[in-house]
Structure formats: C-alpha cells, structure tokens
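Student: Attaching a predicted model along with its sequence, questions to come.
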Amino acid sequence: MPSISHDGPIDVIRNHPEMTADLVRRITPIKIPAQDRLRVELGSSDASHVVPDEFRADLVTVIRDADTGDPLLLVVIESQGRMTEEKEFAWPACLANLRATHRCKSAVLIVICWDPAEAERCRAAIPTGHPDHILIPIVIGPHDGQELTGASPWLTILAASMGAGDMTTDSGRQAVLDAIRDTGSDVPLARTLITIILAVASDAARVELEALMQTSEYKNDFLDGIEARAAARGEALGEARGEARGQARGEAKALVRVLNARKIELTSEQQELIGSCMDSDQLDLWLDRALVATSADELFGD
C-alpha cells in the first residue's frame, strides 16, 4: 500500500496542478510562457499500450496555451521511494506513450524522491537503445528544498511534503504554516495539507509544529481564519441534508486519515462512533483535537 511519503507530494500537486508550471521553470531548463498565458490541467495518467502490460504515472499535468488550448508541455510526475530495474523500462515507455496519448510534442519526467540515496539513483541516465536517445529523469529530493522553498506557497508545501523543507528551525516551520494559510484553502484541504506535513516531519519537528499550531498566531488566525474564509465563500456546511451527510462522511474520512498518520489506535467501538457520526460540529471538534492529541482518550475526552 502506498505510504503518505509517496502520496503526500502527489496530493499536494493534484490539489493545485497550476504549480507544475512554476515547478518546471525552477528545476528544468525548459522555457514556457508566463503563467497568465497558460492553462494547466490534470491529464490522464494511463500510459497502457499492449495488453497485459500497463504503465500508469502517479500524476500528469498538461500545460496549454491559454488562448488556443494547444498543449505546450506534458509533465509526468512520479513519486519514488526505491529505484528498481523495472523503472528503467517503464519510465521511457510511460513518457513516450503519454506524449502520444495527449498529442503533445514536448514532455518532461519529474521524479519526487524522499530518500537522498535513492534520489541519486533515480538521476542516473537511462539508455533507450536508440542512438543518442537517453532519458535523464529530473529528480527533486530532500536536498533540493532551496529551489522550492519560498518560491510560492504551493511549492513551499511541496518541498515540506517530501522532506525538502527546513522543519528543524522555527522559521522553517513558520514558513510551512504560513504557506498553507496563504493558499487560501478551505478547511478540509487545509487539514489535509497539515496532516501530510505532520506525517512526514521528524518526531522532534512534529512536536514543535503541534506546539506552534496552538499559539495565538496560528490557532486563532490560522485554522479559525481558514474556517471563516470558507464560511464567507459559502463552503461551510450546506443546508441540505444530502450536503450535510456528504460533508460529514468526508470529515470522518479525514479524521481517520489524521489518526492513522499520527499512529493513534482506535478500538472497534471508537471506529464505529466516527463512522456513524453525522454531526459535523462534533467531527470538526475531533479533527481539531486529532492534530495535537497523543491518544484516543484525548480525542474523545470531554
């Protein structure tokens, strides 16, 4: 099963695919137009060719000309924990097939790797067998945070999600929380981003982050501020029963994900309590507690 180290960076990009244009500018030599002349969208990640073989990228974005809609660049993103011989064959095929699928003449492979040693292995050139046709993956890992941190809120969050942000200092931790706030995300997305960051942070950094989130600057202005903005945009609880039930299910799922990431074990009765709860206010309270609780007793205590 993929880990949060694998899925976290992909989730960050999936929630804001526009960031890939800025990412390309920062870590590749490829020249693309200014952001206001582009449209960036998620693309199909299925690079299947001949049955029964199948190749599927973790994430694909298509950078298009905003006026004509023509594809300018295909960005294929892979989250990789361990380089394998299989990838030496899968990556070139995946890149070529997706390029054909999207009818895009230019394509780039960006590999996110949270292990420094494996990141170096992923950077190795991959000969394809055709003369002068060699694929050199563009890799970002824990030592590449300088190129991303401070560039934009979303790239700062991406750096932190793959262990490339400086979470060992107060300024580094503040930069990540400020970045989440500056995205203007609604409550569920902000909590998802916080969960990812807490899950990949070291034990020491996690403790400091949780303490920082309880200070007046972030507790009042951060989570409460996000919720206020969401309510102002009409993204708070819907009045219709169906909307309320759907949001409650989503909040219950987010709560379980937070608890799993923080390694807080639940009894079967407690799992049933969360799954059956349709009270969004109660789920909101549990979600807030889950970000700092160290046990299930702290979560459900009065």
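Tutor: Perfect, I can see it now. On a predicted model such as this, the values are computed, not experimentally measured, just so you know.

Student: For the rest of this, base every contact and every neighbour count on C-alpha atoms.
Tutor: Noted.

Student: Next, the residue nearest to residue 105 when sequence neighbours are not counted: phi, psi?
Tutor: Of all residues not flanking residue 105 in the chain, residue 99 sits nearest, at 6.7 Å (C-alpha to C-alpha, 6 or more residues apart in numbering). Per-residue torsions, residue 99: phi -60, psi -40 (degrees, to the nearest 10).

Student: same thing with residue 110?
Tutor: According to degrees, to the nearest 10, residue 110 has phi -110, psi 120.

Student: Mind pulling up the pLDDT for it?
Tutor: At residue 110, the model reports a pLDDT of 95.

Student: How about the contacts made by it?
Tutor: Residue 110 is in contact with 75, 76, 77, 78, 137, 138, 139, 140, counting by C-alpha atoms under 8 Å, 6 or more residues apart in numbering.

Student: Dig out what it forms beta bridges with.
Tutor: For residue 110, the beta-bridge partners under DSSP bridges are residue 77, residue 138.

Student: Could you report the distance from it to residue 127?
Tutor: In this structure, residue 110 and residue 127 are 17 Å apart, going by C-alpha to C-alpha, to the nearest Å.

Student: Would you mind listing where the stretch 151-300 of the chain has pLDDT under the threshold?
Tutor: Scanning the stretch 151-300 of the chain for pLDDT under 70 picks out 216, 219-248.

Student: For it, which segments are assigned as helices?
Tutor: Assigned by DSSP state H, counting those that start in this stretch, the helices in the stretch 151-300 of the chain fall at 153-161, 170-182, 187-200, 203-213, 216-218, 224-232, 241-261, 268-276, 280-290, 296-300.

Student: Pick the most deeply packed of the ones you listed.
Tutor: helix 153-161 (a mean of 27; mean count of other C-alpha atoms under 10 Å).

Student: And that one, what does it pack against?
Tutor: If you count contacts as 3 or more C-alpha pairs under 8 Å, 6 or more residues apart in numbering; DSSP states H and E, helix 153-161 packs onto helix 4-15, helix 19-27, helix 145-148, helix 170-182, helix 187-200.

Student: Verify the contact between residue 45 and residue 57 for me.
Tutor: Yes: Residue 45 is within contact range of residue 57, at 5.0 Å (criterion: C-alpha atoms under 8 Å).

Student: what touches both of these two?
Tutor: With C-alpha under 8 Å, 6+ apart, residue 45 and residue 57 have no common neighbours.

Student: I'd like to know how far residue 112 sits from residue 127.
Tutor: 21 Å.

Student: more crowded one of these two?
Tutor: residue 112 (24 against 15; other C-alpha atoms under 10 Å).

Student: give me every residue that touches the more buried one.
Tutor: With contact taken as C-alpha under 8 Å, 6+ apart, residue 112 is in contact with 9, 77, 78, 79, 80, 119, 139, 140, 141, 162.

Student: Pull out the buried residues from the residues you listed.
Tutor: Neighbour-count burial (16 or more other C-alpha atoms under 10 Å) applied to those gives 9, 77, 78, 79, 80, 119, 139, 140, 141, 162.

Student: how about the last one, what does it touch?
Tutor: Meaning residue 162. Residue 162 is in contact with 5, 8, 9, 112, 113, 114, 141, 142, 200, counting by C-alpha under 8 Å, 6+ apart.

Student: Also residue 124?
Tutor: Residue 124 neighbours (C-alpha under 8 Å, 6+ apart): 136, 137.

Student: Look at it and report its pLDDT.
Tutor: pLDDT, residue 124: 92.

Student: Pull the number of nearby residues for the residue nearest to residue 155 when sequence neighbours are not counted.
Tutor: The shortest distance from residue 155 to any non-neighbouring residue, by C-alpha to C-alpha, 6+ apart, is to residue 148 (5.4 Å). By other C-alpha under 10 Å, 23 other residues sit near residue 148.

Student: Tell me who's in contact with residue 148.
Tutor: Residues near residue 148 by C-alpha under 8 Å, 6+ apart: 23, 26, 155, 156, 158, 159.

Student: Same question for residue 122.
Tutor: Residues in contact with residue 122 (C-alpha under 8 Å, 6+ apart) are 83, 111, 137, 139.

Student: Redo those as JSON lines? Include distance to residue 290.
Tutor: Converted to JSON lines, the contacts of residue 122 look like this (distance: C-alpha to C-alpha, whole Å):
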{"residue": "83", "distance to residue 290": "34"}
{"residue": "111", "distance to residue 290": "32"}
{"residue": "137", "distance to residue 290": "38"}
{"residue": "139", "distance to residue 290": "34"}
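
Student: Of those residues - the most surrounded one?
Tutor: Result: residue 139 is most packed of the contacts of residue 122 (other C-alpha under 10 Å), 23 neighbours.

Student: show me the residues around it that make contact.
Tutor: By C-alpha under 8 Å, 6+ apart, the contact set of residue 139 is 110, 111, 112, 113, 119, 122, 123.
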